[in-house]
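Peer 1: Please find the sequence and the predicted model below.
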Amino acid sequence: MGEVNLSSIHKKEKITDQVLGQLKNALMRGELKPGDRLPGASELASTMGVGISSVREAIKMLESLGAVEARQGEGTFVCTTLREGVADAFEIQFMLLPRTAEYLVQFREMYETAYTVLALRNAEAEDLAKVEAVVLAQEEKLKSGSGDGFVDAGDEMDFHRSVLYCTHNPYVIKIGEVSLELFFDVASQKLEPLTLRPVVSDHRAIYEALLHKDQEKLREVFERCFPKYYDRLKSGK
């Protein structure tokens, strides 16, 4: 671990929040990296000129968010992965934004178009096999006539997640997973459902474009798909 640049606390805002902000900035600057051991609470308190209780409270906040973990007898370390079950501050912040269907359709059009192009570039054979498996399952559902003829949100999520994972980019995947979950939750409440057949056809076309690295075909699919969402906005529930 390199030098961690922390300064004395002088402002009048809540001390714990300022300590938390300094530790967050150290993480952001890469002065604290995954796997690093944090300086002890006493050392941090002395460096920043605050009480040790404020430091401990700030560290507890980071721990609850899954950013750091305490190891008995060893100290507190920056996590290398996000632990299951911890509060996801990024997801919570997304959920607190206005749950407006129009905003989400606009965001999805911009974001999905971009990440699917990245998926086209980065997809490996194993990734494409997973996308195909999802498409085949949906085609079988359509063929068998199971379901009510409308798109199931879970089926939609399965397909778009499989494409998302083709990007192999953790930043893209994180934002994509949160935004997709929110989009389909809001869509189920505020938009008329889509019928299954055209959606399955679109999924097949996207898979074929990924398989053959055909960016023009991908563009055509999106130009066909997203006007449907804007039509649904006009006739929303």
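Peer 2: Cool, the structure landed.

Peer 1: only C-alpha atoms for contact and neighbour calcs from this point on.
Peer 2: Will do.

Peer 1: Would you mind listing the buried residues in the helix or strand of the chain with the lowest mean pLDDT?
Peer 2: Every helix and strand of the chain was ranked by mean pLDDT, DSSP states H and E. The lowest is helix 89-96, at a mean of 80. Under the neighbour-count criterion of 16 or more other CA atoms under 10 Å, helix 89-96 has E91 buried.

Peer 1: Quickly find the element holding L104.
Peer 2: helix 101-122 (DSSP states H and E).

Peer 1: what does the following helix or strand past that helix contact?
Peer 2: As assigned by DSSP H and E, the chain's next helix or strand after helix 101-122 is helix 125-144. Residues outside helix 125-144 that contact it (CA atoms under 8 Å, 6 or more residues apart in numbering) are 147, 149, 155, 158-159, 162-163, 165-166, 196-197, 200, 203-204, 207, 210-211.

Peer 1: Report whether the expected contact of E177 with V163 is present.
Peer 2: No - in this structure E177 lies outside contact range of V163 using CA atoms under 8 Å: 11.0 Å.

Peer 1: Who has more neighbours out of these two?
Peer 2: V163 (27 against 17; other CA atoms under 10 Å).

Peer 1: just checking, what packs against the helix or strand hosting the more buried one?
Peer 2: Taking DSSP H and E as the definition, V163 sits inside helix 153-165. In terms of contacts (3 or more CA pairs under 8 Å, 6 or more residues apart in numbering; DSSP states H and E), helix 153-165 is packed against helix 101-122, helix 125-144, helix 170-190.

Peer 1: In the first one, which residues are buried?
Peer 2: Spelled out, that is helix 101-122. Quick answer for helix 101-122 (16+ other CA under 10 Å): 101-102, 104-105, 108-109, 112-113, 115-120, 122.

Peer 1: Please apply the same query to stretch 199-218.
Peer 2: Within stretch 199-218, the residues scored as buried using 16+ other CA under 10 Å are 199-200, 202-211, 213, 215, 217-218.

Peer 1: Likewise for stretch 130-146?
Peer 2: Residues 130-132, 134-135, 138-139, 141-142 are the ones in stretch 130-146 that count as buried (16+ other CA under 10 Å).
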